[in-house]
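In: Okay, predicted coordinates and the sequence, questions at the end:
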Amino acid sequence: MAIRICNVEDIKPGKALRVKIGDEAIALVHTKDGRFKALGDKCSHGEISLSEGFVDNETIECWAHGAKFSLDTGAPLSLPAYEPVATYEVIVENGEVFIEIDKDSE
């Protein structure tokens with residue numbers, strides 16, 4: 001099921017937005033090169049919101065301890081994190097951003 005989140009222009013390139021879908025906190029990321037990615041909004045190293053981190057075209061970096069995660073796979077790319085975070089499919093259509101949520105995955 002695709003959930004409408006916002007308009008494309010609501011998130012500046014290089015920034016992220018924290019959204020809640022049910023019990024899931026998700027960081028919706030607008031990369032500096034204009035793509036949208038979504039991943040779990042909790043750093044796997046601690047209870048830190050990744051949406052408050054630093055975004056580039058390929059990664060998001062936790063502001064607290066510097067762990068970087070791949071925007072494509074959720075894989076940790078640097079310590080202190082060693083567990084991946086969930087990723088979600090993002091659909092951009094007619095200037096609107098949607099996140100695909102699989103209700104059966106829980």
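Out: Okay, I see it. Small disclaimer: the values here were computed from a predicted structure and weren't measured.
In: contacts, neighbours, all on C-alpha from now
Out: Fine.
In: hang on, D72 in a strand?
Out: No: counting by DSSP: H, G, I helix; E, B strand; the rest coil, one finds D72 to be coil, located in no strand.
In: Give me the neighbour count for it.
Out: Taking other Cα atoms under 10 Å as the neighbour definition, D72 ends up with a count of 14.
In: and if you look at the one 4 residues further on?
Out: By the measure other Cα under 10 Å, the count of residues near P76 is 23.
In: Name all residues that make contact with it.
Out: Residues near P76 by Cα atoms under 8 Å, 6 or more residues apart in numbering: A67, K68, F69, S70, Y82, E83, P84, V85.
In: Angles on the backbone of it, please.
Out: phi -70, psi 140 (degrees, to the nearest 10).
In: Any stretches of this protein with poor pLDDT?
Out: Across the chain, the ranges flagged by pLDDT under 70 are 103-106.
In: where does S51 land in three-state SS?
Out: Applying three-state DSSP: S51 is helix.
In: about what we covered before: quick one: which of the contacts of P76 is nearest A25?
Out: Closest approach to A25 among the contacts of P76 (Cα to Cα): V85, at 11.4 Å.
In: Pretty sure the closest one sits in a strand.
Out: No: counting by three-state DSSP, V85 is located in no strand; its state is coil.
In: Can you get me a residue count around it?
Out: V85 has 20 nearby residues by other Cα under 10 Å.
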